[in-house]
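Asker: Structure for this input, please:
(one chain, ligands or ions: 1)
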Amino acid sequence: MLTTTKPMAQLLKDWQQAKLITPLDRHFALELAAIEGLSSDDADYDLFLLICAMLSQQLSNQHSCLLISSIELANPMAEDIGHHPYAMADNASCQITVTHQQVIDSIGKFYAVTTVSNIETSDTDTPMILDNGRLYLNKYFFFETQVANKLKQLSQTNIATNNPQLPSYLTALFPIQPELNGQLNWQKIATATALTKALAVITGGPGTGKTTTVTKLLLLLQTQQTESAKLTIRLVAPTGKAAARLSESIKASKNRLRSELAQDNSANQPVLLSALAAIPEEASTLHRLLGVIPHSHQFRHHKDNPLRLDLLVVDEASMVDLPMMYKLLSALPAQARLILLGDQDQLASVEAGAVLADICAGLKNTDQDMQAISTWRMHYSRQQADTIKQLTQQDVSQFISTNQPFGDSLCMLMHSHRFKGDAGIGMLANAVNSSNVDNVRQVWRRGYAELNWFEHQLNHQQDNLGKQQLLTLSVEAYQPYLAMIQANQQDTQHSYSPQQIIEQYNQYRMLCAMRAGEYGVDGMNIAITDSLRQAKLIEPKHEFYLGRPIIIQSNDYNLGLFNGDIGLVLQDELNPSRLMTHFIKADGSLLKVLPARLPKHDTCFAMTVHKSQGSEFDKVSFVLPQRPSVAQWQLLTKELVYTAITRAKNHFYCLGSAQVFERAVKQVTLRASGLAQRLWHN
Ligand SMILES: Nc1ncnc2c1ncn2[C@@H]1O[C@H](COP(=O)(O)OP(=O)(O)OP(=O)(O)O)[C@@H](O)[C@H]1O
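Answerer: Residues are numbered from 1 along each chain as shown. Modelled structure (predicted):
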């Protein structure tokens, strides 16, 4: 079944040394083999070790399971080994000499593995579970099946809308838009979806109106309640920054609606205004909602102590990983409704799974090629299409599908109100998102004012001219907030508040694809710090200097600081001789922390694209490595590039080489998971 150049236990050691697998992967395999009662004399020992190590490796790479059919039989470590100098020089390889199906059959015979078929949960306690050619760790199988069951159950829960006024309210909130040219108003359809289903998933790229839509639909939901029994609504996002942005967006959206409704003299006005007031404005993080218990992975709220709410809105849902989604869904009270908002094309969560992408997977239009404008297609049951028509007068009958009931809960907004018409950032984001390299080239060639390319280009002295240009630009972009700090020191009459300075600092950010190296966050932070020092905008004589931006790298529940929180070292207004790190919390309040008390942190002139999710900046620069290593190539995906571009509101600069940019655009993230299958095909 297996031919190896060395005994498998030795191969695992070699692969670990070559960093193809981690020590955890190797020990996991050896430990389970011992539990299975296998020794090197047993015929299946090598296969067992290999499969266990690969499963563990898949989990470290954020997959939920090991898809057996994706194993390269001729060389299971082929992808990595092919590039690796150690492995190429040595003969540390193996080959599976049977078919994938025979591998599946053999795995199914191990005591440590329970095979399940077409059942959705398992109470078995074997360490691994085999389902439909996918091998799971028991825990991940449990998470995945529970998440699928709960989402399907919510999606199948219809909510009766018997208020005869509802269509008229919908018309008031979604007046005919001439620019739609008679096309469907998806914001209105999304609203009807959330009014009629316990689960609504509203996805779309930046500026497609997710927050605007959700504000209107929350308003309409509140009109369905009596004055004394309004819904308890909670708004959450995965990070503090994303929660703060959600709060700001909801406030802005409520203000816009309030002034629109003030113009409306119809009989609807008082009801709608009163419902508008019942929409909360404060958003919190998922962790805060669930109730963190310090030094524990458990939360205060769970199945037996559910949250007290009627409706939960989760923004930036693409950042929520599988275990977190499980915990969140378990803590939902039985009657609660759920609305998930997010951009399915962004980077998937840092931990295992790609829950939002899996939820949307059934909408992928497999009939169309990548050149097509839209690669998505909605699916509605006839009953849901009728309900939508009745409430909104929007005819979605062209999207009627049988056997896709989960589609009734989904709605995708495709028209960006931020990137109008042929705006460069929107065009580039679309071209990248569809992995279309020709279109990407065309967009760059058109020379849009809001897009700037800096090529990695070395001169005779080995100075990188592109990098120099980007550093000059970064000094200019950071100068305004540093000038505000300097003005505060010189002129006590006209002092800028910490909030104003932080807001100015947030206008620009450098995002790096990588953490380490000259072109990673580490190297670029050093380079910008040096450039700002030369420009006399900062004086980094000590570790904490005026204007130093700080990003928190671990959670400190006592201080209320969390991984990814960003603040600035500024003079304390109450005691100007003292420096404090100033953070703006999700609720808009200011948190001041003595620099010496900060948990693990870094400088934040440059940050990773991953950490920038949920944030937006007026100007963004994106730095790609000059010569990516094998490991770095794997991280350079089109989701990473798309996420970086869509953080920019008005200007996007990129330092890179065309070859690296284009190869990244072609590399699409695929995470092994059975969630899409469970939601759409079971
Ligand atoms: N139907 C519409 N017609 C005109 N403008 C709209 C419409 N919907 C939204 N907008 C405007 O587009 C902008 C972005 O809307 P919104 O913030 O709701 O989008 P979003 O999808 O939540 O964005 P983000 O991805 O940034 O969270 C806002 O200025 C909003 O007023």
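Asker: how about low-confidence regions in the stretch 201-350 of the chain?
Answerer: Applying pLDDT under 70 to the stretch 201-350 of the chain picks out no residues at all.
Asker: near the ligand, which residues of it?
Answerer: Applying CB under 6 Å from any ligand atom, we find that the stretch 201-350 of the chain lies next to the ligand at 204, 206-212, 249, 256. Every residue, glycine included, has its C-beta placed from N, CA and C.
Asker: Most neighbours among these, which one?
Answerer: Within those, neighbour counts (other CB atoms under 10 Å) peak at Lys210, which reaches 25 neighbours.
Asker: Does that residue touch Ile202 like I think?
Answerer: Yes: taking contacts as CB atoms under 8 Å, Lys210 lies within contact range of Ile202: 5.6 Å.
Asker: How about Lys649: what's its closest non-neighbour residue?
Answerer: Excluding the flanking residues, the one nearest Lys649 by CB to CB, 6 or more residues apart in numbering is Asp618, at 5.2 Å.
Asker: Can you tell me the strand partners of the helix or strand that contains the one you found and which way each runs?
Answerer: For Asp618, the element it lies in under DSSP states H and E is strand 617-623. For strand 617-623, the paired strands and their directions (DSSP bridges) are strand 508-512 (parallel), strand 648-656 (parallel).
Asker: average model confidence for stretch 163-171?
Answerer: Stretch 163-171 shows a mean pLDDT of 89.
Asker: Quickly check: that stretch near the ligand or not.
Answerer: No: judged by CB under 6 Å from any ligand atom, stretch 163-171 makes no contact with the ligand; its nearest approach is 13.3 Å.
Asker: How far does that stretch sit from its chain's centre?
Answerer: Relative to its parent chain, stretch 163-171 has a centroid offset of 35 Å by CA atoms, centre = their mean, to the nearest Å.
Asker: re the thing from before, who's in contact with the strand holding Asp618?
Answerer: If you take CB atoms under 8 Å, 6 or more residues apart in numbering as the criterion, strand 617-623 is touched by 470, 473-474, 477, 506-513, 519-520, 524, 606, 609, 641, 644-645, 647-656.
Asker: Pretty sure Glu662 sits in a helix.
Answerer: Yes: looking at Glu662 with DSSP: H, G, I helix; E, B strand; the rest coil, it is inside a helix.
Asker: any idea of the pLDDT on the closest residue to it other than its chain neighbours?
Answerer: Once flanking residues are discounted, Glu662 sits nearest to Val437: 4.9 Å by CB to CB, 6+ apart. At Val437, the model reports a pLDDT of 94.
Asker: what's around Val437, how many residues?
Answerer: With other CB under 10 Å as criterion, Val437 counts 16.
Asker: Please apply the same query to the one 3 residues further on.
Answerer: Other residues near Val440 come to 23 when the count uses other CB under 10 Å.
Asker: do Thr3 as well
Answerer: What Thr3 shows, counting by other CB under 10 Å, is a neighbour count of 10.
Asker: And it, what's its pLDDT?
Answerer: As predicted, Thr3 sits at a pLDDT of 84.
Asker: Asp422 too?
Answerer: With respect to pLDDT, Asp422 scores 65.
Asker: again with Ala676
Answerer: On the pLDDT scale, Ala676 is placed at 93.
Asker: Tell me the spacing between the nearest residue to it once chain neighbours are set aside and the ligand.
Answerer: Excluding the flanking residues, the one nearest Ala676 by CB to CB, 6+ apart is Ala361, at 3.6 Å. Taking CB to the nearest ligand atom, to the nearest Å as the measure, Ala361 and the ligand are separated by 21 Å.
Asker: so Ala361 sits right up against His681, yeah?
Answerer: No: between Ala361 and His681 there is no contact under CB under 8 Å: 10.0 Å.
Asker: So for these two, which sits in the more crowded spot?
Answerer: Using other CB under 10 Å as the criterion, Ala361 and His681 rank with Ala361 on top: 17 against 12.
Asker: coming back round to it: now that we have the strands paired with strand 617-623, can you turn them into TSV and tack on mean pLDDT?
Answerer: Below are these laid out as TSV (pLDDT from 0 to 100):
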stretch	mean pLDDT
strand 508-512	98
strand 648-656	95
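Asker: And the residue nearest to the spatial centre of the chain, how far from Gln346?
Answerer: Nearest to the geometric centre of the chain sits Met319, at 3.0 Å (CA atoms, centre = their mean). Per CB to CB, to the nearest Å, Met319 is found 8 Å from Gln346.
Asker: shared neighbours, those two?
Answerer: Residues touching both Met319 and Gln346 (CB under 8 Å, 6+ apart): Gln613.
Asker: Now the element after the helix or strand of the chain with the lowest mean pLDDT, going C-ward?
Answerer: Taking mean pLDDT, DSSP states H and E as the measure, the chain has helix 85-89 as its least confident helix or strand, at a mean of 43. Downstream of helix 85-89, the next assigned helix or strand under DSSP H and E is strand 94-96.
Asker: Can you pull the residues that touch both of Lys210 and Ile202?
Answerer: Counting by CB under 8 Å, 6+ apart, the shared contacts of Lys210 and Ile202 are 341, 413.
Asker: got the residues of the stretch 351-500 of the chain near the ligand?
Answerer: 417-418.
Asker: What's the local residue count around Gln499?
Answerer: Neighbours around Gln499, by other CB under 10 Å: 13.
Asker: so the host helix or strand of it versus strand 617-623, what angle?
Answerer: Following DSSP H and E, one finds Gln499 within helix 498-505. Helix 498-505 and strand 617-623 are oriented at 50 degrees to each other (axes from the mean of the first three to the mean of the last three CA atoms, to 10 degrees).
Asker: Which residues does helix 498-505 contact?
Answerer: Contacts made with helix 498-505 from outside it, assessed by CB under 8 Å, 6+ apart, are listed as 478, 480-481, 484-485, 488, 549, 567-568, 570, 573, 582, 584, 590.
Asker: Extract the residue ranges of the protein that are flagged as low pLDDT.
Answerer: 78-90, 118-123, 366-374, 420-422, 492-494, 682.
Asker: Quick check: can you list the domain ranges of it?
Answerer: Residue ranges for each domain of the chain read 2-132, 149-365+378-418, 424-666, as given by the TED database.
Asker: before we move on, back to that, can you tell me the SS state at the residue nearest to Ala676?
Answerer: Under the three-state scheme (three-state DSSP), Ala361 adopts helix.
Asker: so what's it up against?
Answerer: By CB under 8 Å, 6+ apart, Ala361 lies in contact with 676, 679-680.
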